[in-house]
Each structure stands twice: as C-alpha cells, then as structure tokens.
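[1] Return atomic coordinates for the entry below.
(2 chains)
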Amino acid sequence: MEHIDWSLVNWSRAQFALTAMYHWLFVPITLGITFIIAIMETIYVKTNNPKWKEITKFWMGVFGINFAIGVATGIILEFEFGTNWSNYSWFVGDIFGAPLAIEGIMAFFMESTFIAIMFFGWNKVSKKTHLVSSWLVAVGSNLSGLWILVANGWMQNPVGMTFNPDTMRNEMTDFWEVLFNPVAINKFLHTIMSSYIVAAVFVVGISAWFLLKNREQYLAKRSIIVASIFGIFASIVTIASGDESAREVAKHQPMKFAAMEGLYDGQQSAPLVAIGFFGEKDPEVPNREEFAFELRIPNALSYLAFMDPDAFVPGIKDLVHGNEEQRIIPYEERIAKGKISIDALAAYKRAKKSGDEELAATQLQLFNDNFEHFGYGYYFGKDPHLLIPNVKLSFYSFHIMVILGTHFLLLFILLLYFMFKKKLPKMRWLLWIALWTIPLAFVATEAGWVVAEVGRQPWVIQDLMPSIAAVSQIDTYNVQITFFLFFAVFTALLIAEIKIMLTQIKKGTQH
Amino acid sequence: MFEKLNYLTLQQYWWAIIALLGALLVFLLFVQGGQTLLYTLGKNDKERSLLVNSLGRKWEFTFTTLVTFGGAFFAAFPLFYSTSFSGAYWVWMVILFAFIIQAVSYEFRTKKNNFLGKRTYEVFLYINGLLATVFLGTAVSTFFTGSQFSVDKMNLVRLTGEKMPIISVWETPFHGLEAIWTLENLAFLQNIALGLAIFFLARTLALLYFQNSIDHTEIIKRTKKRLIIEASLFLVFFLFWLIRLLFLNGFAVNPDTQEVFLQANKYALNFIEMPVVLILFLIGVALVLWGLFISIVKNSENGIWYSGIGTVLTVFNLFLIAGYNNTAYYPSTFDLQSSLTIINSSSSKFTLMVMGYVSLMVPIVLGYIIFAWRKMNATKLTTTEIESDHHAY
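    This next block holds a predicted model:
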C-alpha cells in the first residue's frame, strides 16, 4: 500500500501519546491519594481528633488541584478514539465501547457526585455520610481505572470476540471473558498499585519537606506513617503483578517481550539483562542494537517468561525471520497469509452481493483459516522489519521502571523504620532523598506506559489491527494543529497546576 | 430480561438511552449558560464568587454527562462515533477544548500563584459557556440537516485503493465547520438557529438555577430582569428552528430495503405517526414555558424544576423523531445511502444486550445524584458561607 500516509499515522500517534502522557501525570495521584485521604478521614472519625481532620483537609486541598487538571486532560482521551482513530472505533467498537460507557455510568458519576460532598459538604451532611462520600470518591476513581484498563488489556490480548464478515467488524461474544481477561486483570492490579506508589511517594516527599523545614511536624509524621505503609503494601502487589505481567507479555506479545530485553537472538536458558546500555547499531542487520555494557543474571529471563530456567525465549530475529525448530512462522509468511485472509474477505463480500453462495462459502473458509494473520496483511509489500517496535525505548523504559520501583520500596521501608525509631526528623539525607524521589515516581509510571504502548507497536490491537489501518482519514495538518494546541494548552495548565500546588503546600494547614 | 428483546427493540432502547443522556446534557448546560453571565449578574468580586461557587458545585455533572453521552454512543452506535467524531473533527475539537479549559477554571481561578490570572480563568469559563452550547446545538442540528460524508466498509479490504483502508470519509476539508455556511436547503440557518437557541436556553436555565440556589437580593433582582430578554431570544431561535424543521424534507428509510430517501415533512410526519412522542414533546415545551411564567409572573424560585424537566422532555423527544420511525438520524447529503440509522450503525445484538444490563444502573446513579443535590442545596448559598469555606472557588 504505497498510499499509506505515514505522517498522518505518526502525528496521530504522537497526539495520543502526548495527551495520554499528560493525563497520566495526574491520574496516579488521584487514584492513590483518594484512598490515603479516606484512610486519614476514617482515623479522624474514629478518634475524633481535630488534628486528623486538618491533615485530611490539607491533602484534600492538594487532591482538588490535581483532580481538576486530571479531568481536563482526560476528556480528550475518550473522544480521540473517535476523532483520530475512527477505523479502530468501527472495527472493535462493539467490544471496546462497552468498557468506556460503563466507566462513565458506573465510575465517573460516582466520583463527580461525591466529590462535591467531599469538598463542600463538611457542614451539610453528617460525619458518617461525609466519610462514606470520601470512600466513594476513591472507589469511583479506581473503578474508572478498572474499566479503562480492561479496555487497554483487551488491545494487548483481544479475547471474547469473533469477527463478523457480514458487518466487517469484531463483535463481542463473551463479556466475562473481556472483563476477566488475564492480561486485563494483571494490568489493572499493576497499574492501580503502582499508582498508589506514586501517590505514597508524593505524600512522603512533601511530608519530608515539612520535616526538613521544621514545619507541620504533626501532619508530616502521621502522613509518612500512613503513606509508607500504604506504599509498602502497594509495592509488594506491584512487584507480584509485574512478574505475572511479564509472563503474559511473553505469551501473548513475544515481540514486545524481546524488545523490552533487547533480545535479538533467541536462546535457551536466556539470561536477564539487569542493567544495560546500547552502543552502536549493527550496520549489517536492520534494527539490531548491540549492548556496549550489560549486567546479566543467568537463566533469569527464561524463568521470568516461562517459569522454567531452561526455556527458549524467542528473540527479535526469530520472530521476524522465523525459527523452524521452535515452530515460529516468519513475518513474511504471516504477511502473505494475512493478505490471503483480507482478499478472501473481499471476495466473500463480492460473492455475497452477487448471490454466489458457493463461492462465498469457500472464500469464508479461506478467510477463517488465515484470520489469525489478518492484521499482518496490511503490511503486504512492505519490509517486515517495520513490525519491530522501538527496541531502545522499550528496553530503557522497562529497566528504568523496574529499578525505580525497587528504590521506592526501599525508601518506604527506611522511612517507616526510622520513623518508629524516632530518628527520622534528624536524618536529613533520607528526607532529601524522599523529596527528590517525587519526580522519579512520575518518571517510573510514565515509563511503564511507554513499555506497554511502544512495545505493542505497530499494533493497535495485537496481531489484529496495525495503526496504519486504524487512523482517521484527515489531512495531516489538522492533526498537527491540534497536536500543538494540546501541547500549548496542557503545558500552560501544567505550569499553573505546579505553581498553585507549591503555593498550597507551602501554606501547610493554615487557611 | 434483555435476552428476550429482539435486535430492533434493543436498538430502539439504546437510542432512547442516548436521547435521555443528550437531553440531560442540554439541561445541565445551564452551568455553561451561567458562566456567560458572571459579569452581567455579578457587579463585584464577591457577587461573582457567589455565582461561580453555585455553578462550581454542579459543573462536574455536565462534564460527566458529556463524557457518558460519548461513551454510550461509542458502545451502542460505534459507526456514528467513528464517522462523526473523525469527520466533524473541528466541531468536536472546539467542543472538547472548550471543556478542557473549563475543568481547571473553577479550581484555579482564585488560587494564589495561578500563572494565568483570575481574569483568564473567567474568560475560559465564558469561552466554554459560549462555544460548548453553540457548537453542541449546531452539531445536533446536523442530525436533521445532514453532513457530507461517505461510509464504505469495503475500504477495509482494499489494499490497493487510492485511499487508506478507512471506511468513513468526510467529504469537505472543513471537517464539520461547514455546517454554519452550507447553503443547500439553507441548512446553515437551521444549524445556527439551534446553536443560538441552546446558548440562550442555557442562559435562561442558569438564571432560573440562580434564583433557586442563591440567597442574594441584588443578584436575584438582576436575574429576573435578565430572564425576559434571554427567554425571548431563546424562544425566537427555537421556534424558528422548530417550525422550519416541520417543513423540511427529512431523511426517511425504507424499512424493507433499508434504502434512504428524502421525504417531505418527514419530521412533522414522525410527530403525527408517533403521537406519544408528540404529546410528551408538547408537555415538555409547556413545562419550559410554565417554569418561565411562574418565575416572571409569580416570583416563584422553582422555575428551574419545571423548565429543567421540560427541557429534558423536549430534547429527549426531538432525539426520538431523529432516530425512530424509519428515519436516518445522521444523514449524509453527500451520499444518501451512507446515512446512519439506528439499524446500520449499532453494535451487535449481544453487546446491546450486555449494555442493557449496564443501563439498569442509571436509576441508581440518578438516585444518588438527587440525594447529593438535595443535601448540598438544602440551604441557599450565601456570601457568608463562601467566606468561611476554605475550599471555596
């Protein structure tokens, strides 16, 4: 397809990446801090200690600023599936639309209704109703996370559907399979729990700053205790679900897995590159990146992927060029079969129209036989290396995420330990580390999404629909204009948010 | 229970849900209307703060309803979602940008160090109030006047065609903005009229809402004066739009062949052939007028409830005549047969059934919204309350 407009595809991708990454700067805090606030308010209601009410209100104020901009950046994401990914919206809207609608009905209304009580209802409803409202805000935000992650999990591992050749789209056949898709469940746990880590890092970081400044001691110490315990719990679940996620990726998205590890040649008993830096590109082989430095853990990758230290882990080369021994079909063959599938569908439709039922039946059979390669057909006549995601970006993002995740867990443990030993306020170095860990939490969580989404490229829906077949037909300049508009508006709002937030935090609990 | 419904009934059921969400959205646009009246009604900072705060407790309902309206359309009628949002790209982008800048404005407006300054956030609120109402009204009017697009699902399997394998294509480079200058059948007049009607309706409802929720003699006095002007402008544009609509050629569908054709007075016929819809529509209009009447003549502060429920009924039934009774609800003037109907654009029967169960949550949601509204509006908002609330906007 020489007529593919790559610049349109790339600008559409850039716009989605830009808006999603901006949105994700605010979501993790909302997801986690709402629970931290609800826990604090529960302590207030149980103890009746007005100090806890002040602590709760302080964090609520911080949350309010963050929530507003989260909402502002979030609205566009839902609509972008229509505005910029229209073919996708048709092709899988029958399955993908449902979680988005449920998110609105089930989660957004809960969140937005009870947030008004949470902020303005202190003197209008009973203490208990207020507490319930605060919990419902937390539940509502996290429910919205559930549905959007079910949708995203489905893009990584499409299940519970079948292609209907008469309507030319995929249709849902089993709602529960979509909801309980193992990839979706893991994704939900991993994303939600890692968001709690971000929120916990945020709370302990700010509290550490108060301790460094010798201010708000009561608030800071108690906040560190609540947030560190919350953070340790979240870290443990994040690590467990991340481990499980790795196996899911290895199973359903072997190319993403190979890219995450920079594994070009597949091997038995594959080692895990714990830390590595790429050097020069291999001039002989396209897309091959050589490590300039690497620290390997023997057999660990095989174990991570298949719970077997000797298992074979396919590399990028095996996936592109095939590996007979491991029964991996080369991309060229998949592309050819995909083309057969697409052509058979076209022939089926023509036969149906002309009333030739016999021909229609044989073409339908041919289509079904090759359907698992359908999406590859869109790469007919193209270099199969285009089906490799950006290896460097996938590798670095993955490793940054893992290394930082470990750092967060250690930080929470140390903070909690020294807090109980009553030594923390004197340990300025640790408090400074806690403060400077705040930006790292955002780096880690954004890196996580980069791994998930860049690693899936060029697929919008794994193996089923590539981005070149998913976009909207618009002249590229329109997307360029909206890209820069989003960039300008979101950046201005981000600057405003940070300035307001810092002022609010500096004010502490004085109103 | 939804398993027992046939496909067409499910499609009609979901069109009714879309209509309900659309109708609630139009009612809730009173928040937007109010945002355009801050300087008309508020003569100093204190008064404007009172207005902003009374709207600030409701803005999320409008926002959430818009998002849910979009989500429900996606789930139930994905072909509309893909065709309209990508095609009328600029119309939807303008609406979305208007909501993006709104969402931060309440929270950021009076905060210290807010980078852009208080006035900028007030301008954002005004822009949102103006553009969201006018553009949403214009967009809904194209449900009756049509747009220029084509849909060809075979594009998906045309690997050697001239175009990319994309099924919905907008046939003008203006991506929806042409709705305000399309001369054919004077569509531009119709579209602009509904845009302005919604704008003035939103302002009218905002005035009624303020009367119901604010305790401030001076402001209430001003709302009463203003109400006559805004309501009159609303009625002029709405009646113009409605009367012309009844005489327009509509986009009818042959139920046997699903072929789309132009039919004279189609929308008037839809009212006549669906008398329940007509009656509910007329009750809606009457309630809107009654709300205005009791506010203007009887000094009642409950006008918002009559006019609000009236708005919901009116808009709900307008959506029904756009989609029911063999009518194409999103017509294409470029290629009649590309027009979208509730039959050719809907999700599969299975998905509509699953979503049917999801829709059972709507009454629960409405229930807790009413609970929260009553609690929060039990006493009227005063400047004293705002001054003592550290979270006030």
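
[2] and the longest helix that chain A contains, what does it pack onto?
    Looking across chain A with DSSP state H, the single longest helix is helix A:6-47. Counting by 3 or more Cβ pairs under 8 Å, 6 or more residues apart in numbering or on different chains; DSSP states H and E, the packing neighbours recorded for helix A:6-47 are helix A:50-83, helix A:127-156, helix A:182-212, helix A:217-252, helix A:428-454, helix A:476-507. All C-beta atoms are positioned from the backbone trio N, CA, C, and that covers glycine.

[3] could you give the angle of that helix to helix A:476-507?
    20 degrees (axes from the mean of the first three to the mean of the last three Cα atoms, to 10 degrees).

[4] Mind pulling up the pLDDT for the residue of chain B most remote from its centre?
    Distance from the C-alpha centroid of chain B peaks at residue B:160, with 40.8 Å (Cα atoms, centre = their mean). Note on residue B:160: pLDDT of 75.

[5] picking up where we left off before, what would the helices and strands packed on helix A:6-47 look like in JSON lines with mean neighbour count?
    Shown next, in JSON lines, are the helices and strands packed on helix A:6-47 (neighbours: other Cβ atoms under 10 Å in any protein chain shown):
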{"stretch": "helix A:50-83", "mean neighbour count": "23"}
{"stretch": "helix A:127-156", "mean neighbour count": "21"}
{"stretch": "helix A:182-212", "mean neighbour count": "24"}
{"stretch": "helix A:217-252", "mean neighbour count": "20"}
{"stretch": "helix A:428-454", "mean neighbour count": "19"}
{"stretch": "helix A:476-507", "mean neighbour count": "17"}
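
[6] Chain B: which of the ones you listed is closest?
    Smallest distance to chain B across these (Cβ to the nearest Cβ): 2.8 Å, for helix A:50-83.

[7] interface residues of the stretch 401-511 of chain A facing chain B?
    Residues of the stretch 401-511 of chain A that fall close to chain B, judged by Cβ under 8 Å from any Cβ of the partner chain: A:468-469, A:471-475, A:478, A:482, A:485, A:489, A:492-493, A:495-497, A:499-500, A:502-504, A:511.

[8] And the residue of the stretch 201-350 of chain B closest to chain A?
    residue B:348 (4.1 Å).

[9] correct me, but that residue touches residue A:162?
    No: between residue B:348 and residue A:162 there is no contact under Cβ atoms under 8 Å: 9.7 Å.

[10] what's the overlap in contacts for those two?
    Listed as contacting both residue B:348 and residue A:162 by Cβ atoms under 8 Å, 6 or more residues apart in numbering or on different chains are residue A:171.

[11] These two: which is more packed in?
    residue B:348 (22 against 14; other Cβ atoms under 10 Å in any protein chain shown).

[12] ok, now which ones touch the more buried one?
    With Cβ under 8 Å, 6+ apart, residue B:348 has these contacts: A:94, A:164, A:167, A:171-172.

[13] what do you get for residue A:177?
    A:159-160.

[14] how about the CA coordinates for the host helix or strand of it, as PDB?
    Per DSSP states H and E: residue A:177 is located in helix A:175-179. What follows is helix A:175-179 as a C-alpha-only set of coordinates in PDB (Å, rounded to 0.1, in the frame of the first residue of the first chain):
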ATOM      1  CA  PHE A 175     -18.400 -10.100  28.200                       C
ATOM      2  CA  TRP A 176     -16.900 -12.000  31.200                       C
ATOM      3  CA  GLU A 177     -14.000 -13.100  29.000                       C
ATOM      4  CA  VAL A 178     -13.300  -9.500  28.200                       C
ATOM      5  CA  LEU A 179     -13.600  -8.400  31.800                       C
END
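
[15] the strands in the stretch 251-393 of chain B, which residues?
    B:260-263 (DSSP state E, counting those that start in this stretch).

[16] That one: helices as residue ranges?
    B:266-273, B:275-296, B:303-323, B:349-359, B:361-376, B:383-388 (DSSP state H, counting those that start in this stretch).

[17] just those: most buried one?
    Ranked by mean neighbour count, those are led by helix B:303-323 with a mean of 24 (mean count of other Cβ atoms under 10 Å in any protein chain shown).

[18] what sits against residue 345?
    The chain I'm using is chain A. Residues in contact with residue A:345 (Cβ under 8 Å, 6+ apart) are A:165, A:168, A:363, A:367, B:157.

[19] my bad, chain B
    Residue B:345 neighbours (Cβ under 8 Å, 6+ apart): B:77-80, B:83, B:330.

[20] One more pass at 6 Å, please.
    Shown in contact with residue B:345 (Cβ atoms under 6 Å, 6 or more residues apart in numbering or on different chains): B:77, B:79-80.

[21] next one: residue B:131
    B:94, B:98.

[22] doesn't residue B:62 make contact with residue B:24?
    No: at 9.1 Å, residue B:24 does not count as touching residue B:62 under the criterion of Cβ atoms under 6 Å.

[23] Overlap in contacts, those two.
    With Cβ under 6 Å, 6+ apart, residue B:24 and residue B:62 have no common neighbours.

[24] Please list the residues of the stretch 1-150 of chain A that sit near chain B.
    Counting by Cβ under 6 Å from any Cβ of the partner chain, the stretch 1-150 of chain A comes close to chain B at A:1, A:64-65, A:68-69, A:71-72, A:75-76, A:78-79, A:82-83, A:86-87, A:89-90, A:93-94, A:97-98, A:100-102, A:104-105, A:108-109, A:112-113, A:116-117, A:119-120, A:124-125.

[25] show me what contacts the closest residue to chain B within the stretch 301-450 of chain A?
    Residue nearest to chain B within the stretch 301-450 of chain A: residue A:346 (4.0 Å; Cβ to the nearest Cβ). By Cβ under 6 Å, 6+ apart, residue A:346 lies in contact with residue B:157.

[26] Assign it to helix, strand or coil.
    Per DSSP: H, G, I helix; E, B strand; the rest coil, the secondary structure class of residue A:346 is helix.

[27] before we move on, back to that, from the contacts of residue B:348, which ones fall inside strands?
    A:164, A:171-172 (DSSP state E).

[28] now the residues you listed as CSV including neighbour count?
    Below are these laid out as CSV (neighbours: other Cβ under 10 Å):
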residue, neighbour count
A:164, 13
A:171, 19
A:172, 24
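
[29] Columns distance to residue B:339 on top of these, output as TSV?
    TSV is the format used below for those (distance: Cβ to Cβ, whole Å):
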residue	distance to residue B:339
A:164	22
A:171	22
A:172	25
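
[30] Save those residues as a markdown table, and put in distance to chain B and pLDDT too.
    Supplementary listing: the ones in strands among the contacts of residue B:348 in a markdown table, determined by distance: Cβ to the nearest Cβ, whole Å; pLDDT from 0 to 100:
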| residue | distance to chain B | pLDDT |
| --- | --- | --- |
| A:164 | 7 | 95 |
| A:171 | 4 | 95 |
| A:172 | 5 | 95 |
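
[31] How about the residues of the stretch 1-150 of chain B by chain A?
    B:57, B:60, B:64, B:67-68, B:70-72, B:74-75, B:78-79, B:81-82, B:85-86, B:89, B:92-93, B:96, B:99-100, B:103-104, B:107-108, B:111-116.

[32] From these, keep the buried residues only.
    B:57, B:60, B:64, B:67-68, B:70-72, B:74-75, B:78-79, B:81-82, B:85-86, B:89, B:92-93, B:96, B:99-100, B:103-104, B:107-108, B:111, B:114-116 (16 or more other Cβ atoms under 10 Å in any protein chain shown).

[33] Much appreciated, bye for now.
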